[in-house]
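Q: any chance you can model this:
(chains A and B)
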There are 2 protein chains.
Amino acid sequence: MDARLADVLTERIRAGDRERVLALVSELHSADLADLIHHLPFADANALVGWLHPEQGAEVVAELDDELRGDLLEDDGTIRISELLDAMDTDDAADVLADLPQEVAQEVLPRLEDAEEVEELLAYHEETAGGLMATEYVAVSQDWTVAQATEEVRRKAIEVDPVYVVYVVDPREKLLGMVPLKRLLLAPASSRISAVMDPELISVDPHEDQEEVARIMERYDLVVLPVVDEGGKLLGRITIDDVVDVIREEAEEDIALMSGSGPDEDLSTSVLKVSKGRLVWLMVGLGGALLSALVINSFQAVLEEALVLAMFIPVVMAMAGNAGIQSSAISVQGLASGRLWPGELLNRFAKELLVALVNGIVLSLVFGVLIVVLQSTGILVLDPGRSLLLAMTVGMALLAVIVLAATMGAVVPLILERMGIDPALATGPFITTSNDIMGLVVYFLVATTLYL
Amino acid sequence: MDARLADVLTERIRAGDRERVLALVSELHSADLADLIHHLPFADANALVGWLHPEQGAEVVAELDDELRGDLLEDDGTIRISELLDAMDTDDAADVLADLPQEVAQEVLPRLEDAEEVEELLAYHEETAGGLMATEYVAVSQDWTVAQATEEVRRKAIEVDPVYVVYVVDPREKLLGMVPLKRLLLAPASSRISAVMDPELISVDPHEDQEEVARIMERYDLVVLPVVDEGGKLLGRITIDDVVDVIREEAEEDIALMSGSGPDEDLSTSVLKVSKGRLVWLMVGLGGALLSALVINSFQAVLEEALVLAMFIPVVMAMAGNAGIQSSAISVQGLASGRLWPGELLNRFAKELLVALVNGIVLSLVFGVLIVVLQSTGILVLDPGRSLLLAMTVGMALLAVIVLAATMGAVVPLILERMGIDPALATGPFITTSNDIMGLVVYFLVATTLYL
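A: Numbers count the residues shown, from 1 in each chain, chains lettered A, B, ... in the order given. Okay, the predicted model is just below:
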């Protein structure tokens, strides 16, 4: 259905049939329209966005991917851009402005209705509470009556939407508490706000990291979270829809790190940009693999004596990689969810060691049995006198490699976290590569000791 | 701080000082208390949960991990359990009940105040809209006035919390529309609901998958979503806090699949259960690695002739693995976010091929240069007459392997999706293993053709 609508739209756009196009898209939700625009050829998308009425245009532009949005707005004049930004909430306007080229942003900013607020928001890092908050909210005094507060909600009804709670502030805008809309609806009109407000209130500092903001809203089931400065002054509010996007983005970022794809890679990213993002990781992988190659090279004498050992290189590498990724994933998630307490790190470590021992022993035994079976069926032809010793050698190496790799996997994310580096990095090509190298060293050392 | 509180609590619990313990925890948010309980020794956690007042106990128990909750409730009598469940929303009560042993659940269910509703909820699969929805909501008739609707909100104020919207239904409970709380607050008391209601409404079927529910609420920035049956009858509502949990869970599930850790693994899961969950994947990996070993074994004659080829086995495996994971991750995410349209699969495929070609060529060249550098510095000692041919051979094999692995990585998730299997599986050990095998075959074939 979407694809068909895209075809019809493209045709009407090319025919220059503005009225019909606007009629076709007027009923669409901005999220659906933004999605559709991502699938249109660029020239058609550009024409369509240019035709949209400012209100719909603003909503749609706020929903677009950064890259496409930048390309679409590039040719627009400052008047059109400021018209679109004025129709957005301040948080969206600041986000869009931050992604525009410096010269354009500097021209657009002073023209905005809320120029001052948007400029303040721009000062915060994009991935902090300040970067997420909007300055649209309803604030009332605690001396007011419920009727006066309701009137304030009415006055701000268009600007602030949706409203979940009304914030209570003192004359210096210090946050004192809040009144959920339900309570405002149910309380007698003449009640004082101070009598119905909820003085206990979770709030965040504007410099708080967005992951922590998400964690707080998730943990306490909040749909809106006030942002206050050190003095307790109310600066803005963060709504759950923005935080849902943060949670999704952070998850995608972790997956990108784990898989070594570029952090900003998207279906619409260009081939060269995708190549560049991935090449960084492939180079890291290549460097690591060359180190593995040098390890094998330095044990060339061992291989010359027993070429059969080459056969099990993939087994050692695969098991080192798998065991390391498994244990690092659970460390990374424990850290990400805040469920792993610093005092419990030793427990965590001991548990990984136990799991690795159990798995290492089971796998070594299974491996030994498989080798015997493969040989007895003739699939694998080994020196009959030494095949048991070979199975034991590789089995012992496997056990050692699995225990070492799992331990590294559990510990490296904790070290990275302490160094202020995203621990998800440890679940990716980085840990796989270092475990490969370590695995091969262990394998050849064990083989030299036991088999030769 | 949390850890210190845990110590104080443990001490007071063991001293049997119930009053002091309840005083210590009474001010804690249920999410914080649940977190704390996860870090207490089991016996102390059990005593503490048994002491809690039903309201706080219900909130805390609903927040616990399934496993710990089951263990804690095991010894409780049906009276205590039904007391706790009665203090929960129906969706939480159904979730808790579903995790209890069959016999216990059957004894508890008939004792519940909302037995009928909970039983209906239990009939839905846990991971569907029906499994997420609560049957607590405010419904009004379109003939009512705003004052009457407000009165209905008041009547249900304790049972339904929070309230974001009031649903409008006909006498047969068919959903007609909704009125946001803000509009109810601002409209004149004598207005008809039919005049202020919003007739356009996004809703879902109770059998809709929870991932799709999350996608809809995320896409349209909803905080609450009504669930209706085929006839349009209102069955319940899903609130955003439950969906936030779904998004987090799905992301963790994807990461677990990618890393091959057990799907239900948590920091508190026991060693044997963790071992079992991971062993499945390690076995798959071991099986694949043995196939790789057989590939090498079948090319043993090649290795005997040119042992130097063994050195680059890790390079081929690492590049096949990395390139495959990179391209599969982006396919998996495209599918998960719904941004990848079926009609665009061919484009996606062509793009991956281009990226792989670019990266393959760059990496092969870099590899060749590195080999020359390593040899000229004496770190790597190669047969001088054939080192260029060797670099070319491995370079050609790398190019072929990267292109094949990236293509497989892009396509396999799409095939899995069509077969109804979670495509995240393809980003995990599965694709790495199959790419390893394929990479080795290609490598030895290229080497046989070019180098020998």
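Q: contacts and neighbour counts: CA atoms only from here.
A: OK.
Q: and A:A320, what element?
A: Element membership of A:A320 [criterion: DSSP states H and E] is helix A:313-337.
Q: A:L416: neighbour count?
A: 15 (other Cα atoms under 10 Å in any protein chain shown).
Q: my guess is it meets A:A410, correct?
A: No: between A:L416 and A:A410 there is no contact under Cα atoms under 8 Å: 11.1 Å.
Q: picking that back up, next, the angle helix A:313-337 makes with the helix or strand just after the helix holding A:A320.
A: Using DSSP H and E, the next helix or strand after helix A:313-337 towards the C-terminus is helix A:345-376. Counting by axes from the mean of the first three to the mean of the last three Cα atoms, to 10 degrees, helix A:345-376 lies at 150 degrees to helix A:313-337.
Q: anything in helix A:345-376 near chain B?
A: Yes: counting by Cα under 8 Å from any Cα of the partner chain, chain B has neighbours in helix A:345-376: A:348, A:351, A:354-356, A:358-359, A:363, A:367.
Q: and the helices in the stretch 51-200 of chain A?
A: Ranges of helices in the stretch 51-200 of chain A, per DSSP state H, counting those that start in this stretch, are A:54-63, A:66-74, A:78-86, A:90-99, A:102-108, A:115-122, A:129-132, A:146-155, A:181-186, A:193-196.
Q: could I get those as JSON lines with distance to A:D242?
A: Output for the helices of the stretch 51-200 of chain A, formatted as JSON lines (distance: least, Cα to Cα, whole Å):
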{"stretch": "helix A:54-63", "distance to A:D242": "11"}
{"stretch": "helix A:66-74", "distance to A:D242": "15"}
{"stretch": "helix A:78-86", "distance to A:D242": "18"}
{"stretch": "helix A:90-99", "distance to A:D242": "10"}
{"stretch": "helix A:102-108", "distance to A:D242": "23"}
{"stretch": "helix A:115-122", "distance to A:D242": "15"}
{"stretch": "helix A:129-132", "distance to A:D242": "7"}
{"stretch": "helix A:146-155", "distance to A:D242": "22"}
{"stretch": "helix A:181-186", "distance to A:D242": "21"}
{"stretch": "helix A:193-196", "distance to A:D242": "29"}
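Q: residue numbers of the stretch 1-150 of chain A in contact with chain B?
A: Contacts of the stretch 1-150 of chain A with chain B, taken as Cα under 8 Å from any Cα, map to A:3, A:29, A:31, A:35, A:150.
Q: give me that answer again for 10 Å
A: Contact residues (Cα under 10 Å from any Cα of the partner chain) of the stretch 1-150 of chain A with chain B: A:2-3, A:29-32, A:35-36, A:38-39, A:63, A:150.
Q: columns neighbour count on top of these, output as CSV?
A: Below are the residues of the stretch 1-150 of chain A next to chain B laid out as CSV (neighbours: other Cα atoms under 10 Å in any protein chain shown):
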residue, neighbour count
A:D2, 13
A:A3, 15
A:H29, 15
A:S30, 22
A:A31, 19
A:D32, 15
A:D35, 19
A:L36, 19
A:H38, 17
A:H39, 18
A:E63, 19
A:T150, 22
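Q: between the residues you listed, which sits nearest chain B?
A: A:A31 (6.1 Å; Cα to the nearest Cα).
Q: just confirm the closest one is within a helix.
A: Yes: assigned with DSSP: H, G, I helix; E, B strand; the rest coil, A:A31 falls within a helix.
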